[in-house]
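> Next comes the sequence, and after it the predicted model I'd like to discuss.
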Amino acid sequence: MPAVDPTPPLVPDPSAEDQARAFLRALSRLTPRIWVTPVIVALNLGLFVVMVASGVDLFSPGAEELVRWGATFGPLTASGQWWRLASAMFIHIGLLHVAMNMWVLWSAGPLVERLLGHTGFALTYLLSGLLGGLASLWWNPAVVSAGASGAVFGVYGALSAFLIVRRHVVPLQVLRGLRTSTLVFVAYNLVFGLMIKGIDMAAHVGGLLGGLACALPLARELTEAAWRRRWRANLVLALAGAGLLVGGAALLRNDAAALQREIDRFVAVETTNVDRYNQALGRLHRGEITDAQMARLLRTEVLPSWIAAGRRLERLRRGKLPAVYAERAKTLVRYVKLREEGWTLLARALEEQDRDKAERATRLQKEAEGLLDTVKQGRKE
């Protein structure tokens, strides 16, 4: 009598596959067609093609190009250009960036769209991206940020919310189909985000939490009766999301753009006055002008515009600014005051022929010049 192998064959559990197929058929009956996900993917890819066709670099667009197309940049966004939070969700930083985001969205989007419904999915996607943008603005107020990653993380946050509220409703076999794209997406955005400067981790976390919060009230039973009532939850979500966005924008609004404009204006004043001072000092050393003429030039041609620029900067320094800009303004105001004190003291030294005052004036000018590199570095950030 032949021996019988007690080990069962390694074949897929037919009940698991049947359960997955039954679940997908039921979901398709409730939401026969998906259209929000394809529209979002088409908009992202289409805009990227238009950007590249206009001359934007295919693999590594510059910050100025991204801002021109609508990326978020703290000083502009928080000073009133809030539309950038929305436009930045459709702008990507190179081919790999857009390809990764759209591949993952195309993988998970159809399932989540069917679970939440068209309106609920669209609201969740948009609110996740906008909340991720606000998180980025709060955490990184001085960087350029773009991409759909925050909104795509929101899609996964929404799927997590559904699995929390409707535990065991989605078969494991269905979720396994998302395993590869999910792992690659998380590795790209989280692991590389810790290694590569410029990946916006705050937007990712904000989008993930935003999607989780948005989808909690939308996770309804998979029945026609529940589907007919979900417009109420969509309305509540839209109103609550709008209120949260308005409140967040009000809290994050600041004067960084005005400060940047004043800094740009000050650059011209600084260049003119320092050049005028250096030229006059050279003429004084060559004996072409007297001490009294040098003092008069300082008081009438150099100091008035310099003092006026300093007062404008001082007023802005007392405004609402993110920490990085507040520190920049503080350093710049200190530089302006040192220059002003040095030139004022030098004018008095020339008028009174006081060598001690002249030496103190020289020390003040050297101290001001020591701050100049810090000021210039701040302008480049």
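Done, it's in. This structure is a prediction, so every number in the text was calculated from the model and none was measured.

> which ones are touching the most centrally placed residue in the chain?
Residue closest to the mean C-alpha point of the chain, counted by Cα atoms, centre = their mean, is residue 145 at 3.8 Å. Taking Cβ atoms under 8 Å, 6 or more residues apart in numbering, we find residue 145 in contact with 71-73, 88, 133, 136, 200, 203. In this view, the C-beta of every residue, glycine as well, is placed from N, C-alpha and C.

> let's see 6 Å
Going by Cβ atoms under 6 Å, 6 or more residues apart in numbering, residue 145 touches 72, 136, 200.

> If it is in a bridge, with which residues?
residue 72 (DSSP bridges).

> How much space separates it from residue 329?
23 Å (Cβ to Cβ, to the nearest Å).

> do residue 213 as well
Distance, residue 213 to residue 329, using Cβ to Cβ: 35 Å.

> Next: residue 163.
Taken as Cβ to Cβ, the span from residue 163 to residue 329 is 47 Å.

> out of those two, which sits in the busier spot?
residue 329 (23 against 16; other Cβ atoms under 10 Å).

> Correct me if wrong: that one contacts residue 315.
No. Applying Cβ atoms under 6 Å as the test, residue 329 and residue 315 come out as separate, 10.2 Å apart.

> Secondary structure element holding the nearest residue to residue 294 once chain neighbours are set aside?
In space, and not counting its chain neighbours, residue 294 is closest to residue 284: 4.8 Å by Cβ to Cβ, 6 or more residues apart in numbering. Taking DSSP states H and E as the definition, one finds residue 284 inside helix 256-285.

> Now that helix: buried residues?
Residues of helix 256-285 classed as buried by neighbour count (16 or more other Cβ atoms under 10 Å): 256-260, 262-263, 266, 269-270, 273-274, 277, 280-281, 284.

> looking just at contacts, which helices and strands does it meet?
In terms of contacts (3 or more Cβ pairs under 6 Å, 6 or more residues apart in numbering; DSSP states H and E), helix 256-285 is packed against helix 74-77, helix 291-297, helix 303-317, helix 323-352.

> Looking at these, which is nearest to residue 124?
Smallest distance to residue 124 across the helices and strands packed on helix 256-285 (Cβ to Cβ): 22.1 Å, for helix 74-77.

> Show me the chain divided up by domain.
What automatic domain parsing lists as the domains of the chain is 28-252, 256-380.

> out of the ones you listed, deepest packed?
Scoring these by mean neighbour count under mean count of other Cβ atoms under 10 Å gives domain 28-252 as the most buried, with a mean of 19.

> what's the first-to-last distance across that one?
Its first and final residues considered, domain 28-252 spans 42 Å by Cα to Cα, to the nearest Å.

> quick thing: my sequence starts at 15, can you match it?
I'll keep to 15 as the first residue from here, and by that count the last item is domain 42-266.

> pLDDT averaged over that domain, what's the number?
For domain 42-266, mean pLDDT rounds to 90.

> Ok, stretch 274-283 next?
On average, the pLDDT along stretch 274-283 is 89.

> Which residues outside that stretch are in contact with it?
Contacts of stretch 274-283 (Cβ under 6 Å, 6+ apart): 89, 319, 323, 326-327, 330.

> hmm, 7 Å instead?
Outside stretch 274-283, the residues that touch it by Cβ atoms under 7 Å, 6 or more residues apart in numbering are 89, 319-320, 323, 326-327, 330, 346, 393.
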